[in-house]
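K.L.:
Just to be clear, the model below is a prediction. Sequence and coordinates:
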Amino acid sequence: MPQIKIAPSILASDFSRGAETVKALEQNGADYVHCDIMDGNFVPPITFGHQFVGSLRPHTKLPLDCHLMVLHPETHFEELKKAGADFITIHKEVCKEQTPALLRRIREMGMKSGAVVNPDTPIERVFDCVEDADMILIMSVFPGWGGQKFIADTLKKAEALRSFCIRNGKPDFDIEMDGGISEQNAKEVISAGVNVLVAGSAVFRSLDMASTIRALRGE
Ligand code: DX5
Ligand code: ZN
């Protein structure tokens, strides 16, 4: 099993205090900063783009994990690279059969790549992406909002993907899950084969960020 990593989603944070937020995440043991980029088209809300991501960059060494919930993700790769993004994850529902080629493009630009599946997209649809991806992100809520209820059915997808990775000689492949993850269900999520846990509300509503991050990790 690969190393467990915690990726707090800043969607649940106060956007006026971005620098302090990422510094606090780093000091309190987070592994990545999960940046939810929404365009008002693929999902109804609009959050932020490369300018906000770039404004965070000088304030942390943590990798910036950019989850693109947008209709034309490829038009943002260049600006995100310049802004200092480390990971770009793109939705299979948007990129369809072009997903592997776009993942290769992200890698060629020097970033890590990932494909994302919504709760109602079968996991088998991204099996052909594993070769070109550094990570697969399984949504455990429908994208668009923080604070939603975890859809437990999505755990089966993590199990199926972890078995696929093991069968294909990639036992340490990174599997990320996003939506409704808390101290209450983190153990189950990890047992299903997930090793990168996104958590927005759980981390930012916590009174003790460090202990919540440790608890999510199963420590
Ligand atoms: C939902 C986002 C998530 C969200 C998670 O569209 O992709 O990253 O911020 O928030 P919680 O942990 O509150 O469900
Ligand atoms: Zn996300």
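P.N.:
That came through fine. Numbers count the residues shown, from 1 in each chain. Ligands and ions are numbered 1, 2, ... in the order given.

K.L.:
list the contacts for the residue of the chain most remote from its centre?
P.N.:
Ranking residues of the chain by C-alpha distance from their mean position (CA atoms, centre = their mean) puts residue 167 at the top, at 23.8 Å. Contact analysis of residue 167 by CB atoms under 8 Å, 6 or more residues apart in numbering lists nothing. Any C-beta I mention is one placed from the backbone N, CA and C, and that applies to glycine too.

K.L.:
got it, and residue 49?
P.N.:
Residue 49 makes contact with 37, 76, 79, according to CB under 8 Å, 6+ apart.

K.L.:
Can you name the helix or strand that the first one falls in?
P.N.:
If I follow you right, that is residue 37. Assigned by DSSP states H and E, residue 37 belongs to strand 33-38.

K.L.:
Next up, phi/psi of the residue farthest from the centre of the chain, please.
P.N.:
Dihedral pair for residue 167: phi -60, psi -30, per degrees, to the nearest 10.

K.L.:
Okay, it and residue 77: tell me how far apart.
P.N.:
Distance, residue 167 to residue 77, by CB to CB, to the nearest Å: 31 Å.

K.L.:
Could you measure from whatever residue of the chain ends up closest to ligand 2 over to residue 171?
P.N.:
Going by CB to the ion, ligand 2 is nearest to residue 67 of the chain, at 3.8 Å. As judged by CB to CB, residue 67 and residue 171 stand 24 Å apart.

K.L.:
In terms of packing, which of those two has more residues around it?
P.N.:
Remark: of residue 67 and residue 171, residue 67 carries more neighbours, 26 against 12, as counted by other CB atoms under 10 Å.

K.L.:
residues from the chain in reach of ligand 1?
P.N.:
Residues of the chain lying near ligand 1 by CB under 6 Å from any ligand atom: 9, 11-12, 34, 36, 67, 141, 143-144, 146-148, 178-181, 198-202.
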